[in-house]
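Engineer: sequence and predicted model, in that order:
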Amino acid sequence: MIDFGTCGVGDPACDLVPAWTMFDGAARDAFADIVGLDAATWSRACGWALWKAAIVVRDRPADAEARATLARILG
């Protein structure tokens with residue numbers, strides 16, 4: 001078995017996941033402007049948030065926070 005759990009160590013995208021789990025629209029845009037990282041980093045952050053939310057929904061289908069995160073990403 002290979003554990004990929006630490007693949008994101010050192011990747012600033014991992015630190016940006018809360019932008020997708022906590023902020024909507026203009027708030028997330030303002031956060032992105034302040035952080036000032038490139039589009040590829042933001043895309044990876046979105047991917048990390050999608051992955052985490054999908055796992056939670058798989059295990060707990062009624063989880064409102066995970067479903068809200070999926071709605072932000074897919075909306």
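Structural biologist: That came through fine.
Engineer: where does pLDDT dip in the protein?
Structural biologist: Residues of the chain that meet the criterion pLDDT under 70 lie in 1-9.
Engineer: the residue nearest the centre of the chain: what's it in contact with?
Structural biologist: With distances taken as C-alpha atoms, centre = their mean, residue 49 lies nearest the centre of the chain, 2.3 Å away. In this structure, residue 49 makes contact with 17, 19-21, 69, 73, judged by C-beta atoms under 8 Å, 6 or more residues apart in numbering. For glycine as for every other residue, the C-beta is placed from the backbone atoms N, C-alpha and C.
Engineer: and the helix or strand hosting it, how far from the chain's centre?
Structural biologist: For residue 49, the element it lies in under DSSP states H and E is helix 39-59. Taking C-alpha atoms, centre = their mean, to the nearest Å, one finds the center of helix 39-59 at 4 Å from the center of the full chain.
Engineer: following that helix, which helix or strand shows up next?
Structural biologist: Toward the C-terminal end, the helix or strand that comes next after helix 39-59 (DSSP H and E) is helix 64-74.
Engineer: helices or strands up against that following helix?
Structural biologist: Helices and strands touching helix 64-74, as assessed by 3 or more C-beta pairs under 8 Å, 6 or more residues apart in numbering; DSSP states H and E, comprise helix 17-22, helix 39-59.
Engineer: of all these, which gets the most neighbours per residue?
Structural biologist: Mean neighbour counts were taken over the helices and strands packed on helix 64-74 using mean count of other C-beta atoms under 10 Å, and the top value, a mean of 18, falls to helix 17-22.
Engineer: which outside residues touch it?
Structural biologist: 28, 31-32, 35, 42, 45-46, 48-50, 52-53, 65, 69, 72-73.
Engineer: could you measure from residue 72 over to residue 10?
Structural biologist: Spatial separation of residue 72 from residue 10 under the definition C-beta to C-beta, to the nearest Å is 25 Å.
Engineer: more neighbours, the two?
Structural biologist: For the pair residue 72 and residue 10, the greater number of neighbours falls to residue 72 (20 against 7), based on other C-beta atoms under 10 Å.
Engineer: any idea what sits nearest the more buried one, other than its immediate chain neighbours?
Structural biologist: Counting by C-beta to C-beta, 6 or more residues apart in numbering, residue 20 is the residue found nearest to residue 72 once chain neighbours are left out, at 5.9 Å.
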